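# Okay, here's the prediction I keep looking at, along with the sequence it came from:
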Amino acid sequence: MAIHERGLVEQERIIKKDRIVIDGVDASGDWNLIILPRVIDDYDLDFAKDIINHPQGKTINQCYQCSYCTASCPVHNYWDEKYNPRHFIYLARLGMLDELQKRADVIWRCVSCHKCTHRCPKGVLVEEVLKVIVNQMSKRGLIEEYPSKKFDKFFTESVIEYGRIEDGELLFGWMEKQGFNVMKDPILKKPIPFAGGLPDWLKSLAIKPLKGMNIDFLILNAKHMLIHPRTQNWNRFKQVLERVINEEGIMTH
Ligand code: SF4
Ligand code: SF4
């Protein structure tokens, strides 16, 4: 086990005396560290099979646990050492779902930089494999949907509805989903920009550019936010898009 992964071992399984004196000789040192063995009896090998059978997950079996991926991962090194690609692969191959679940709060943090895949000496498509692990966990109800995935869904629903991105609706609709009080007009029930509770970061982000904006451009944007002109012939394409989404299961996992 690479030294930077020591934190993966539960404290209660580590025995180490600060000081050992044998026959009057101080024999203290790192050598006296003992890691107690553990017995694993709750595993699900079907989990690994599902990953291998997925087109993007089959390289998982090429992993020989060298940890190059983890050593190069910015999320592990600069954000949270609990995010550990090598360890996730190890747990997934053994079908240790309980252990994977313990890391549910960090497992979706990959920023898709591909450093891990670039460094892997065994040709494991690490990032793809990790995505399949997360998706399989989500399918089994072992992790909550991760926040960016929720946004992806909301974004896709908006495209299906209008045939393009409605910036205002997307922004304020998302704010509403986050629990902010977004005021809406009484007739069309569309959000009124910047009325209601908004986070301070959004106010400071928006006010400066708004001040410098041409008034005609502002009116045009406000009009679009309320009226939502439709993309021509969108309904036919919408049916095709919905079918692909259903077949691929994009909205469910
Ligand atoms: S670098 Fe590749 S072989 Fe090494 S632990 Fe990561 S995935 Fe496995
Ligand atoms: S792609 Fe994800 S797992 Fe790989 S190095 Fe980047 S952040 Fe880490």
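Nice, I can see it. Ligands and ions are numbered 1, 2, ... in the order given.

# number of nearby residues for residue 134?
Neighbour count of residue 134, defined by other Cβ atoms under 10 Å: 23. Every C-beta, even on glycine, is put in place using the N, C-alpha and C of the backbone.

# The helix or strand where it lies and ligand 2, any residue contact?
Using DSSP states H and E, residue 134 sits within helix 126-139. Yes: Helix 126-139 comes into contact with ligand 2 (Cβ under 6 Å from any ligand atom), by way of 126, 127, 130.

# mind listing what the second one touches?
If I follow you right, that is residue 127. 110, 112, 114, 116, 117 (Cβ atoms under 8 Å, 6 or more residues apart in numbering).

# about what we covered before: could you pull out the buried residues of the helix holding residue 134?
Buried residues in helix 126-139, counted by 16 or more other Cβ atoms under 10 Å: 126-138.

# which bits of the protein sit near ligand 1?
So the chain meets ligand 1 at 63-69, 86, 89, 120, 122, 124, 126 (Cβ under 6 Å from any ligand atom).

# Tell me where the model's unsure across this structure.
When residues are selected by pLDDT under 70, those of the chain lie in 1-4, 145-147, 193-198, 206, 209-210, 224-230, 248-253.

# At the contact with ligand 2, which residues of it appear?
So the chain meets ligand 2 at 72-75, 85, 110-116, 126-127, 130 (Cβ under 6 Å from any ligand atom).

# which of the residues you listed are buried?
Buried, going by 16+ other Cβ under 10 Å: 72, 73, 75, 85, 110, 115, 116, 126, 127, 130, out of the residues of the chain next to ligand 2.

# hmm, back to that, which one of the residues of helix 126-139 next to ligand 2 sits closest to ligand 1?
residue 126 (4.8 Å; Cβ to the nearest ligand atom).

# where do the helices sit along the stretch 1-150 of the chain?
Along the stretch 1-150 of the chain, the stretches classed as helices by DSSP state H, counting those that start in this stretch are 45-53, 68-72, 74-78, 85-94, 97-102, 115-119, 126-139, 147-162.

# if we can go back for a sec, ok, so of the buried ones among the residues of the chain next to ligand 2, who is nearest residue 183?
When those are ranked by distance to residue 183 (Cβ to Cβ), residue 110 comes first, at 36.6 Å.

# Chain neighbours aside, what residue packs nearest to that closest one?
Excluding the flanking residues, the one nearest residue 110 by Cβ to Cβ, 6 or more residues apart in numbering is residue 130, at 5.7 Å.
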